[in-house]
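Trainee: Structure of the sequence below:
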Amino acid sequence: MKKFFCAVVALCLVAPLVGCEKKPDGLPKLTPVTVTIKQDGKPLADANVSFFAQTEANKKWVAGGTTDAQGVIEVMTMGKYKGMVADTFKVTVMKTLIENPQLKEDDPPGDFYSLVDKKYMTEATTDLTIEVSGSGPLTFDLDVGPEVKEKQ
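Mentor: Residues are numbered from 1 along each chain as shown. Sure thing, here's the model as predicted:
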């Protein structure tokens, strides 16, 4: 009986700590969203994708992530909450290549290249948008056009 009591007490102490992180005050309901990013029709792996809410009240609920090998991202809000708030979002996509990286302090700096058209790199210039409703899950396919390699 003593072992049973100790197990129950331990469970009661640990249970509140597992998966019960308090969400930020005011966080609206999140809709699960999956986005596939393609480049010239092929999946774009390892791209950083950010979503910018167009409603001022939702701008604080930053969403984004990195694409997997199939170009897919399951969008997270604030880096830890699965899904997005309902809104219209501008979408930015960035992928960078570093050639000849600086390995030692006295090595010259590496060469940085953007592998996605620069127009997709900022909220002001991207023409990619998605509309997230309050119901889901939702899926979107976006294409960033032909492959590029532009020196930064």
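
Trainee: tell me how far the helix or strand containing Thr34 is from the chain's mean position?
Mentor: Applying DSSP states H and E as the criterion places Thr34 in strand 33-39. From the chain centre to the centre of strand 33-39 is a distance of 11 Å (Cα atoms, centre = their mean, to the nearest Å).

Trainee: cool, stretch 60-77 as well?
Mentor: A distance of 2 Å separates the C-alpha centroid of stretch 60-77 from that of its chain, computed with Cα atoms, centre = their mean.

Trainee: Ends of that stretch, what's the gap?
Mentor: 10 Å (Cα to Cα, to the nearest Å).

Trainee: what's the answer for stretch 106-121, then?
Mentor: Distance across stretch 106-121, first residue to last, is 31 Å (Cα to Cα).

Trainee: same check, this time on stretch 100-113
Mentor: 11 Å.

Trainee: rewinding a little: please name every helix or strand in contact with the strand holding Thr34.
Mentor: Contacts defined by 3 or more Cβ pairs under 8 Å, 6 or more residues apart in numbering; DSSP states H and E place strand 33-39 against strand 72-74, strand 129-132, strand 138-143. Where C-beta positions appear, they are placed from N, C-alpha and C, glycine not excepted.

Trainee: Now render the ones you listed as JSON lines, adding distance to Pro28 and mean pLDDT.
Mentor: Below are the helices and strands packed on strand 33-39 laid out as JSON lines (distance: least, Cβ to Cβ, whole Å; pLDDT from 0 to 100):
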{"stretch": "strand 72-74", "distance to Pro28": "18", "mean pLDDT": "97"}
{"stretch": "strand 129-132", "distance to Pro28": "11", "mean pLDDT": "98"}
{"stretch": "strand 138-143", "distance to Pro28": "15", "mean pLDDT": "97"}
